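S.K.: Got a sequence here, can you build the structure:
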Amino acid sequence: QVQLIESGGGLVQAGDSLRLSCAASGRTFSSNAMGWFRQAPGKEREFVATITWRGGSTAYADSVKGRFTISRDNAKNTVYLQMNSLKPEDTAVYYCAAEGTRFLSGSKRYQDYDYWGQGTQVTVSS
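M.R.: You can find the predicted model right below:
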């Protein structure tokens, strides 16, 4: 059974940092692009960041560019999201996702991802 398990969420104050992790099990995703998305209450799921299968290329939503960094460790089958200078508007459930097709460049569309984690809550207080 394929699983993506996120961890590292929590309650922090504005300006603080958090590091999210997403550990995959059941198969390797070392040849698949992976991404992070988030969903705030009453809003649609939105793209946050994506990384190619080798980790050589990344892309970010404008709202997090310069503050968030996505990375991966294929040996550990894990992807990370380092979040700095957090703002109250970053409050959301954060989801890790993996594309099912190998060797793609990483999509900003949640519809292109085949595997999803259960999500981890990030709450930023002002």
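S.K.: And the strands in this structure?
M.R.: Ranges of strands in the chain, per DSSP state E, are 3-7, 10-13, 18-25, 34-39, 46-51, 58-60, 68-73, 78-83, 92-98, 115-116, 120-125.
S.K.: ok, the residue nearest the centre of the chain to Ser126 distance?
M.R.: Centrality entry for the chain: nearest residue to the mean C-alpha point is Trp36, 2.2 Å, by C-alpha atoms, centre = their mean. Separation of Trp36 from Ser126 (C-beta to C-beta, to the nearest Å): 23 Å. Where you see a C-beta, it was placed from the backbone N, CA and C, and this is true even at glycine.
S.K.: can you check Phe68 too?
M.R.: Where Ser126 is concerned, Phe68 sits at a distance of 19 Å (C-beta to C-beta).
S.K.: got it, and Ser21?
M.R.: Distance, Ser21 to Ser126, using C-beta to C-beta: 26 Å.
S.K.: try Pro41
M.R.: 16 Å.
S.K.: same check, this time on Gln1
M.R.: Taking C-beta to C-beta, one finds Gln1 at 40 Å from Ser126.
S.K.: When the two are compared, which one has more neighbours?
M.R.: Using other C-beta atoms under 10 Å as the criterion, Gln1 and Ser126 rank with Ser126 on top: 9 against 5.
S.K.: check contacts around the more buried one.
M.R.: Gln13, Ala14, Pro88 (C-beta atoms under 8 Å, 6 or more residues apart in numbering).
S.K.: To Gly106, which of the strands of the chain lies closest?
M.R.: Closest of these to Gly106 is strand 46-51, at 3.6 Å (criterion: C-beta to C-beta).
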